[in-house]
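Task: produce atomic coordinates for the following.
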Amino acid sequence: MEEKVTCTSEEEKAKLEREGYVVVSVANFSSGDGVTYTLERGSTWSKKFKEL
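A predicted model of the protein is given here:
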């Protein structure tokens, strides 16, 4: 099963990575709201990243 989540803090990103999620995209918006991370687990894409 493929799972996708989005977060905006380094702490939450680290927690999700410990749970097996892999960062598949990072966005930095011009509005200055900080960085947004998209993480996945269970997808072909996330499995390939995890192998690296």
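
and Thr38, bridged to which residues?
With DSSP bridges as the criterion, Thr38 is bridged to Thr6, Ser25.

So for the residue of the chain most remote from its centre, what's the pLDDT?
Most distant residue from the mean C-alpha position of the chain: Ser31, 20.6 Å away (Cα atoms, centre = their mean). You'll see Ser31 listed with a pLDDT of 77.

who touches stretch 8-16?
The contact list for stretch 8-16, computed with Cβ atoms under 8 Å, 6 or more residues apart in numbering, reads 5, 7, 23, 33-37, 39. Quick note: C-beta positions are derived from backbone N, CA and C, even for glycine.

Let me see the contact set for the residue sitting nearest the centre point of the chain.
For the chain, Leu39 is the residue whose C-alpha lies nearest the centre (Cα atoms, centre = their mean; 2.2 Å). Neighbour list for Leu39: 4-7, 13, 16-17, 21-24, 46 [criterion: Cβ under 8 Å, 6+ apart].

ok, and for the helix or strand where Glu12 lies, which residues are buried?
Here Glu12, judged by DSSP states H and E, is contained in helix 10-18. Buried residues in helix 10-18, counted by 16 or more other Cβ atoms under 10 Å: 13, 16.

Tell me the one of the contacts of Leu39 nearest Leu52?
Set against Leu52, the nearest of the contacts of Leu39 by Cβ to Cβ is Val22 (9.3 Å).

close enough to count as contact, Asn28 and Tyr37?
No. Taking contacts as Cβ atoms under 8 Å, Asn28 lies outside contact range of Tyr37: 10.4 Å.

More neighbours: which of these two?
Neighbour count, other Cβ atoms under 10 Å: between Asn28 and Tyr37, Tyr37 has more, with 20 against 10.

sorry, back to before: tell me the SS of the residue farthest from the centre of the chain?
Three-state call for Ser31 (DSSP: H, G, I helix; E, B strand; the rest coil): coil.

returning to what we had before: how near is the residue nearest to the centre of the chain to Phe49?
Going from Leu39 to Phe49 by Cβ to Cβ, to the nearest Å gives 10 Å.

what do these two both touch?
Residues touching both Leu39 and Phe49 (Cβ under 8 Å, 6+ apart): 22-24.

pLDDT check: weakest of those residues?
Comparing the shared contacts of Leu39 and Phe49 by pLDDT, Val24 comes last, at 90.
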